[in-house]
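Q: Curious how this folds, go ahead:
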Amino acid sequence: MKKNILNLFTTLLLLSTSLSSCGTQKEALAISDKEKEIFASQSEEPVEISDEKTEYEIIIIEPGFNIWLQSVARPEGYYSKSFLENRNQILVLNWNQRVLQPNRFNPNLYELQINYDPRIDYGYEVNYKLYNYFVFFQRRYNQRLGPFLPRI
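A: Next up is the predicted model:
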């Protein structure tokens with residue numbers, strides 16, 4: 001009997017620890033008032049992501065993204081190029097899987113696949129803006145595209 005009570009106590013302790021750590025993760029996703037204002041804006045300014053050396057280009061037309069990129073996102077140079085490439089590889093893979101499952105994921109959010117080949121050097125700017133778009137998208141639409149939290 002004592003052994004069963006001890007096992008139950010241990011299980012409850014582990015469960016409460018798990019639940020409290022889940023609460024910590026939610027705090028990391030807190031959206032600031034500034035971000036809420038940007039997410040509510042309807043101003044559309046296309047963001048062109050390109051690298052003259054590699055001649056690759058992405059155009060993002062998403063209300064609020066340009067303002068968010070300039071005022072909320074970490075500045076260029078904050079992340080290393082390898083960090084951005086590694087994250088983008090994971091995020092693009094998850095994005096493309098969702099595009100292919102319109103019955104499971106909102107097809108209005110996941111419209112087109114992204115052709116991102118990790119063997120190609122897209123340059124820092126392309127990787128920086130693509131990564132930040134994913135962070136913006138996840139925070140704005142409360143999505144999770146990878147195993148890590150989309151935080152700033």
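Q: Spatially nearest residue to the residue sitting nearest the centre point of the chain (excluding sequence neighbours)?
A: Geometric centre of the chain, nearest residue: residue 135, 3.3 Å, by CA atoms, centre = their mean. Nearest residue to residue 135 in three dimensions, chain neighbours excluded: residue 150, at 4.8 Å (CB to CB, 6 or more residues apart in numbering). Heads up, the C-betas are built off the backbone N, CA and C, glycines and all.
Q: any idea how far residue 100 is from that neighbour?
A: Using CB to CB, to the nearest Å, residue 150 is found at 21 Å from residue 100.
Q: Looking at the two, which one has more neighbours?
A: Each of residue 150 and residue 100 has its neighbours counted (other CB atoms under 10 Å); residue 150 has more, 19 against 10.
Q: List the contacts of the more buried one.
A: 29, 134, 135, 138, 139, 144 (CB atoms under 8 Å, 6 or more residues apart in numbering).
Q: Pick out the most distant pair among those residues.
A: The span of those, defined through CB to CB, is set by 29 and 134 at 14.2 Å.
Q: between those two, who's got more neighbours?
A: A direct count of neighbours by other CB under 10 Å for residue 29 and residue 134 places residue 134 higher, at 22 against 13.
Q: That one touches residue 89, doesn't it?
A: No: using CB atoms under 8 Å, residue 134 makes no contact with residue 89, being 11.3 Å away.
Q: quick one, strands of this structure?
A: For the chain, the strands defined by DSSP state E cover 47-51, 56-60.
Q: Dump those strands to TSV, plus mean pLDDT and distance to residue 37.
A: Shown next, in TSV, are the strands of the chain (pLDDT from 0 to 100; distance: least, CB to CB, whole Å):
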stretch	mean pLDDT	distance to residue 37
strand 47-51	68	18
strand 56-60	76	20
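Q: now for the ones you listed, which one comes closest to residue 95?
A: Ranking these by their distance to residue 95 (criterion: CB to CB) puts strand 56-60 first, at 12.5 Å.
Q: which other helices and strands contact that closest one?
A: Judged by 3 or more CB pairs under 8 Å, 6 or more residues apart in numbering; DSSP states H and E, strand 56-60 is in contact with strand 47-51, helix 124-141.
Q: can I see the domain layout of this structure?
A: The chain is divided into the following domains under automatic domain parsing: 1-30, 32-141.
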